[in-house]
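> Attaching a predicted model along with its sequence, questions to come.
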Amino acid sequence: MKFQSLSKILTRKNATVASRQQYFGRLDSVRNNYKPGQFFMNKCTPYRGVIYGEVEANVFRYPQLSDSAGKKSSSEGKREKLYRVLIDKRDRSLIRTPPHESTLVENLSQIPTNQPFKRNYSTSDFKKYIVKETAGYDIVAADEIVPISPDVNSSEMPTVPEYFQHEHTKWFFHEKFIDSTTGRVRRFDLPGMEANDRLPQMVELTNHESRPNFGSRDQENDEIVKVYITEHEKYQMQTRLVVRFLGKIGNEHWWTFFLRMTNNGSSPIMIHNQIMNSKNGRRVEQFQSNIQSHRPILEPFINPSYQFSWCQSFLPGQTSPMTCWLRMDCVRHSMTEAAREAQEKFLIQIPNMTHSVLLDEAEFRKSTLVEKI
């Protein structure tokens with residue numbers, strides 16, 4: 001399914017208006033570093049995207065890799081650069097749970113206290129702040145990017161918002177394409193330009209003031225995310241957990257979690273249940289997820305990945321930092337039996353059985369790290 005989705009987007013079909021809208025461009029050279037305005041395909045979750053920013057990340061990989069001397073890598077993680085990207089809205093239906101941007105916003109739908117008729121106080125109607133989710137945003141690594149260069153004939157060249165469809169395209173980019181080699185706006189009415197219609201093309205960023213309000217730009221530039229990539233070799237699964245600090249509401253600290261699970265084996269695996277455990281000193285809490293109502297099945301080769309995100313608030317630790325970890329209950333099904341009965345039940349812990357996620361706000365800010373030096 002993943003490769004079929006990629007081929008549908010990358011391959012030009014009959015020369016009709018509908019098919020030209022599906023054509024995204026040609027494959028570009030793969031690099032370790034990309035600039036804002038680069039179009040791409042996501043190789044893990046097939047969608048068309050464009051880079052609009054960067055974010056630093058502390059990436060932890062388990063099991064830890066060993067160097068030539070046999071020493072294991074540091075448990076502190078490796079600093080890497082990730083990319084903030086937009087997702088084309090035409091491809092979001094291909095994703096079972098599309099990524100999104102989460103922000104804390106003031107709840108303007110509250111009924112005034114002098115109103116005689118009020119809604120249920122136990123719901124979110126009367127919370128001062130609520131979590132707002134905006135679809136079409138993601139954070140990806142360089143190894144997830146398949147770079148694409150628009151390769152459209154001059155007579156078919158659309159504007160950027162028509163070529164890449166997203167609610168906020170105009171807020172991030174100018175409407176005209178530029179030649180990435182010269183930085184100049186491409187013009188197809190000049191003599192000889194028809195012969196150079198395969199030049200790499202990018203889009204130019206607008207200024208920050210025109211962008212959607214996802215919080216302070218200083219906070220965005222100051223943000224560090226944590227990524228935990230675990231190879232569960234025994235069960236032939238890989239998990240990738242992205243953790244971000246969202247903000248404070250009173251004494252509560254809000255965090256966002258984005259988890260992707262991939263089945264690298266040859267048998268279907270059902271995700272039966274998910275439990276988040278947190279530890280604050282001697283206090284241990286459990287938070288149940290609604291994933292058991294979906295019970296997604298990771299089909300090998302056809303649809304091997306499942307991803308979802310959620311927000312969670314914690315009270316910060318007073319004497320020791322807050323930590324958390326995930327427990328996933330899984331069931332492996334048989335490929336040989338017609339009824340595909342359960343073959344094996346197992347659980348995996350994320351990051352793994354010996355490590356947990358440290359929820360310390362200071363570790364998610366560059367400015368705090370500079371102050372410590």
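On my side now, so go ahead.

> Using CSV, write out every CA atom in the longest strand seen in the chain.
Of all the segments of type strand in the chain, defined by DSSP state E, the longest one is strand 48-62. Output in CSV follows, covering the C-alpha atoms of strand 48-62 (Å, rounded to 0.1, in the frame of the first residue of the first chain):
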residue,chain,number,x,y,z
ARG,A,48,3.6,15.1,-0.3
GLY,A,49,5.3,17.7,1.8
VAL,A,50,7.3,20.9,1.8
ILE,A,51,9.9,22.0,4.4
TYR,A,52,9.2,25.3,6.1
GLY,A,53,11.6,25.2,9.1
GLU,A,54,14.0,23.3,11.3
VAL,A,55,14.2,22.1,14.9
GLU,A,56,17.0,20.5,16.9
ALA,A,57,16.4,17.1,18.5
ASN,A,58,18.1,14.8,21.0
VAL,A,59,17.8,11.4,19.3
PHE,A,60,18.1,8.3,21.4
ARG,A,61,18.5,4.9,19.6
TYR,A,62,18.0,1.6,21.3
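
> Next, the buried residues of it.
48-60, 62 (16 or more other C-beta atoms under 10 Å). All C-beta atoms are positioned from the backbone trio N, CA, C, and that covers glycine.

> Which neighbours in the sheet does the helix or strand containing Lys132 have, and how are they oriented?
Element membership for Lys132 (DSSP states H and E) is strand 129-135. With DSSP bridges as the test, strand 129-135 is paired with strand 100-106 (antiparallel).

> Helices along the stretch 51-200 of the chain, start to end?
Along the stretch 51-200 of the chain, counting by DSSP state H, counting those that start in this stretch, helices occupy 160-163, 169-172.

> now swap in the stretch 251-373 of the chain and tell me
With DSSP H, counting those that start in this stretch, the ranges of helices along the stretch 251-373 of the chain come out as 366-372.

> low-scoring stretches of it, by residue?
Counting by pLDDT under 70, the stretch 251-373 of the chain contains low-confidence ranges at 290-293, 317, 335-342, 368-373.

> And the stretch 51-200 of the chain, by the same measure?
For the stretch 51-200 of the chain, applying pLDDT under 70 flags the ranges 64-76, 106-129, 151-157, 178-200.

> give me that answer again for 80
For the stretch 51-200 of the chain, the stretches flagged by pLDDT under 80 are 64-77, 94-98, 104-131, 150-158, 176-200.

> give me phi/psi at the closest residue to Gly265 other than its chain neighbours?
Of all residues not flanking Gly265 in the chain, Gln236 sits nearest, at 3.5 Å (C-beta to C-beta, 6 or more residues apart in numbering). Per-residue torsions, Gln236: phi 50, psi 50 (degrees, to the nearest 10).

> neighbours around Gln236, how many?
For Gln236, the count of nearby residues is 16 (other C-beta atoms under 10 Å).

> State the distance from it to His355.
Noted for Gln236: a distance of 20 Å to His355, by C-beta to C-beta, to the nearest Å.

> partner residues bridging the spatially closest residue to Gln312 that is not a sequence neighbour?
Of all residues not flanking Gln312 in the chain, Trp255 sits nearest, at 5.6 Å (C-beta to C-beta, 6+ apart). Assessed by DSSP bridges, Trp255 has beta-bridge partners Phe245, Gln312.

> Test my guess that Trp255 contacts Asp360.
No - using C-beta atoms under 8 Å, Trp255 makes no contact with Asp360, being 11.0 Å away.

> And the two? Which one has more around it.
Per other C-beta under 10 Å, whichever of Trp255 and Asp360 has more neighbours is Trp255, with 21 against 16.

> Which segments of this structure make up each domain?
Annotated domains of the chain cover 2-99+136-210, 101-132, 230-372 [automatic domain parsing].

> mind listing the strands in the stretch 101-250 of the chain by residue range?
129-135, 137-140, 145-149, 173-179, 201-205, 224-232, 237-249 (DSSP state E, counting those that start in this stretch).

> so which of the ones you listed comes closest to Ser278?
Closest to Ser278 of these, according to C-beta to C-beta: strand 237-249, at 12.5 Å.

> May I see the buried residues of the closest one?
Going by neighbour count (16+ other C-beta under 10 Å), the buried part of strand 237-249 is Met237, Gln238, Thr239, Arg240, Leu241, Val242, Val243, Arg244, Phe245, Leu246, Gly247.

> Same question for stretch 132-145.
Using 16+ other C-beta under 10 Å as the burial criterion, the residues of stretch 132-145 that qualify are Gly136, Tyr137, Asp138, Ile139, Val140, Ala141, Ala142, Glu144, Ile145.
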